[in-house]
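Engineer: build me a model from this:
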Amino acid sequence: MPPRAVSRPLVFAILVEGGLGVVALLVGWLLGHSPAIGISLASATLADQVRAIGLGVFATFPLLAALAAADWWAVPAVSRVRDLAQQAVRQIFPNPRWWQIALVASAAGFGEELLFRGLLQAGLAELLPVPHAPLVALVAASLLFGAFHWLSTTYAILATLAGVYFGSLLLYSDSLWPPIIAHGLYDFLALWYLLAPNKPIG
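Structural biologist: Predicted coordinates for the structure are as follows:
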């Protein structure tokens, strides 16, 4: 009997990641705050959106450079993180296909960025009655982002730093497109990198 093309962990991952975005939109609607910052024609022109998407593609390269550098230097703590991540993704993708990787990466890009950057970071920046509220909100949302990715302490720290990076893209561009594109594209390429040495990807 041939192996199933779609595993239960894969379906679960897509539902969870996509569900984060649904939660962000619902909570934002209840609070009167739209987390979809700059990604609709009602809030930004098409030209602005194209520029923001281009920034997201460009912003993926430093993340890939960091991934390559970490692999090249083979720091023990980072190597353990890679091993943990490989174990996790092999359970999700027992028979990896490019479209499965794209689905998970896209769901993560949209879902996590809508929640952590669009709702939490931007929402806190509006609500906090403190000086430098956007920076405080950036740190708070990034710490929560790191905690959400707690496979290990090192992994959580790296995820927190990634959260600061994605959140900074939002602050710089005032659009959610750059962090969504950078997050999703990086996840796609990183997942491919983690899976390719062991299984051919169809």
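Engineer: per-residue pLDDT of I180, please?
Structural biologist: pLDDT for I180: 98.
Engineer: and the top helix by length along the chain, how far out from the chain's middle?
Structural biologist: With DSSP state H setting the assignment, residue counts place helix 46-73 as the longest helix in the chain. Offset of helix 46-73 from its chain centre (CA atoms, centre = their mean, to the nearest Å): 12 Å.
Engineer: next SSE downstream of that helix?
Structural biologist: Following helix 46-73 in sequence order, the next helix or strand is helix 76-92 (DSSP states H and E).
Engineer: list the buried ones in the worst-scoring helix or strand of the chain on mean pLDDT?
Structural biologist: Least confident element among the helices and strands of the chain, by mean pLDDT, DSSP states H and E: helix 76-92 (a mean of 87). Across helix 76-92, burial judged by 16 or more other CB atoms under 10 Å covers 78, 81-82, 85, 89, 92. Glycine gets a C-beta too; all of them are placed from N, C-alpha and C.
Engineer: the longest helix of the chain packs against which elements?
Structural biologist: helix 76-92, helix 153-173, helix 177-195 (3 or more CB pairs under 8 Å, 6 or more residues apart in numbering; DSSP states H and E).
Engineer: buried ones in that helix?
Structural biologist: Judged by neighbour count (16+ other CB under 10 Å), helix 46-73 contains these buried residues: 48-49, 51-53, 55-56, 59-60, 63, 66-67, 70.
Engineer: so where's this structure shaky on pLDDT?
Structural biologist: By pLDDT under 70, the low-scoring segments of the chain are 1-5, 198-202.
Engineer: for V139, grab phi and psi.
Structural biologist: Main-chain dihedrals, V139, degrees, to the nearest 10: phi -70, psi -50.
Engineer: how many neighbouring residues does it have?
Structural biologist: Residues near V139, counting by other CB atoms under 10 Å, number 16.
Engineer: start at 205, not 1
Structural biologist: In the new numbering, first residue 205, that becomes V343.
Engineer: what sits closest to it if chain neighbours are left out?
Structural biologist: In this structure, V343 finds its nearest non-sequential neighbour in V368, 7.5 Å apart by CB to CB, 6 or more residues apart in numbering.
Engineer: ok so, going back, pick the most deeply packed of the helices and strands packed on helix 250-277.
Structural biologist: helix 381-399 (a mean of 23; mean count of other CB atoms under 10 Å).
Engineer: give me the residues contacting that helix.
Structural biologist: Applying CB atoms under 8 Å, 6 or more residues apart in numbering, the contact partners of helix 381-399 are 242-243, 253, 256-257, 259-261, 263-264, 267-268, 271, 286, 289-290, 293-294, 297, 300, 302, 305-306, 308-310, 312-314, 316-317, 321, 369-371, 373-374, 376, 405.
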